[in-house]
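1. Structure here, sequence nowhere to be found:
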Ligand code: UD1
């Protein structure tokens, strides 16, 4: 039976990937998570079908035995958030760089089959040209962006120097069910959904005309699976994991108010340090080499996400 390991598997994206793997017929899925930002409840319905390891990727000895012999490793464990990495850069440096090194090292020394690494669209920084293509010069604007880029370099070097199979996917502003809205560092769409349900006004940093390629979590999980099965020409490479669209925050907040049938004009605050102005993925290389085929329009993704938050509020209120 082939072993599949998901680091960060109790997180919002990791748990969607775990469900996708099980639906795809995976027999032995093992989750590594230290529950810093992940939650066991994210895996509630599949808890009996996965092997759970409460372990920290910064502790090599904790994760090496789990990763050893794995057929596939999906490395999603990270401390996310651009502003968090600016306010407090040490923890994210340790996890996103040193922890990622430990995962690649454990995969190499433990003779794992392939590592799919969750990189970030933040690596591009502000480019003059949109959409952003993998061949563009990277230009990180925050510690988080630099850390995630370093992980890509390690993925590529573990492939070229040690023969480890790796594929890096630059995630573009992933959103969807289970994204935790409880921290000021939470992804903007989780915060918008919370505001909408609580009939509160969100704060938009800057003029709200910054744009993002918001990508539904199930499309990203699907692409991770495809990357784990892709042919040899994808190895050691980096691909955009985006939807290919681009929406401003003003557009998204308008759309959410329309879906919900309410009027809650947003507050505007100063622009956020380290913020990228516009982000949009060129999806051609991922479509060509990995078979990327994102399914969810922004409207459909937002509807599903809002429905999930409402249902989970209802459960919490019982
Ligand atoms: C960045 C990366 C993304 C990565 C994420 C991890 C880019 C383009 N994207 O996301 O790929 O997954 O880090 O954390 O670099 N905002 C508000 N009000 C709020 C919160 C946020 O207006 O209450 C704004 C931010 O200033 C930003 C946008 O919403 O302009 C998105 O912010 P956020 O959800 O934190 O993600 P990014 O920093 O874009």
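-> Great, that's in hand. Note that the coordinates shown come from a computational prediction; the quantities given were computed from them, not determined experimentally. Numbers count the residues shown, from 1 in each chain.
2. Count the neighbours of residue 4 for me.
-> Summarising burial for residue 4: neighbours were counted as other C-beta atoms under 10 Å, giving 25. (Each C-beta comes from the backbone N, C-alpha and C, glycine too.)
3. I meant residue 51, not that one.
-> By other C-beta under 10 Å, 12 other residues sit near residue 51.
4. quick one: it is in a strand?
-> Yes. Secondary structure assignment places residue 51 in a strand (DSSP: H, G, I helix; E, B strand; the rest coil).
5. And it, how far from the ligand?
-> With distances taken as C-beta to the nearest ligand atom, to the nearest Å, residue 51 is found 27 Å from the ligand.
6. What sits closest to that residue if chain neighbours are left out?
-> The shortest distance from residue 51 to any non-neighbouring residue, by C-beta to C-beta, 6 or more residues apart in numbering, is to residue 30 (4.4 Å).
7. quick one, what contacts that neighbour?
-> Residues counted as contacts of residue 30 (C-beta atoms under 8 Å, 6 or more residues apart in numbering) are 3, 4, 5, 6, 9, 50, 51, 52, 53, 66, 70.
8. List the buried residues in the helix or strand encompassing it.
-> Using DSSP states H and E, residue 30 sits in strand 28-33. For strand 28-33, burial by neighbour count (16 or more other C-beta atoms under 10 Å) applies to 29, 30, 31, 32, 33.
9. Can you tell me the strand partners of it and which way each runs?
-> Strand 28-33 has its sheet partners listed here by DSSP bridges as strand 3-7 (parallel), strand 50-54 (parallel).
10. closest one to residue 95 among those?
-> Closest to residue 95 of those, according to C-beta to C-beta: strand 3-7, at 10.3 Å.
11. Residues touching the closest one, excluding its own?
-> By C-beta under 8 Å, 6+ apart, the residues outside strand 3-7 that reach it are 14, 17-18, 21, 26, 28-33, 57, 63, 66-67, 69-77, 103, 112.
12. that older thread, out of the strands paired with strand 28-33, which is the most enclosed?
-> Ranked by mean neighbour count under mean count of other C-beta atoms under 10 Å, the strands paired with strand 28-33 are led by strand 3-7, which reaches a mean of 27.
13. After it, which helix or strand is next?
-> From strand 3-7 onward toward the C-terminus, using DSSP H and E, the following helix or strand is helix 12-23.
14. Now that following helix: average pLDDT?
-> Throughout helix 12-23, pLDDT has a mean value of 98.
15. Also stretch 189-196?
-> Here the mean pLDDT over stretch 189-196 is 97, rounded to a whole number.
16. Tell me if it is near the ligand.
-> Yes. Shown here: stretch 189-196 in contact with the ligand (C-beta under 6 Å from any ligand atom) through residue 191.
17. for the ligand, what are the nearby residues on the protein?
-> Close to the ligand, as judged by C-beta under 6 Å from any ligand atom, the chain has residues 80-82, 120-122, 171-174, 187-188, 191, 202-205, 210, 212, 249, 272, 275-276, 279.
18. which sections of the stretch 101-250 of the chain are below the confidence cut-off?
-> Filtered on pLDDT under 70, the stretch 101-250 of the chain yields no residues whatsoever.
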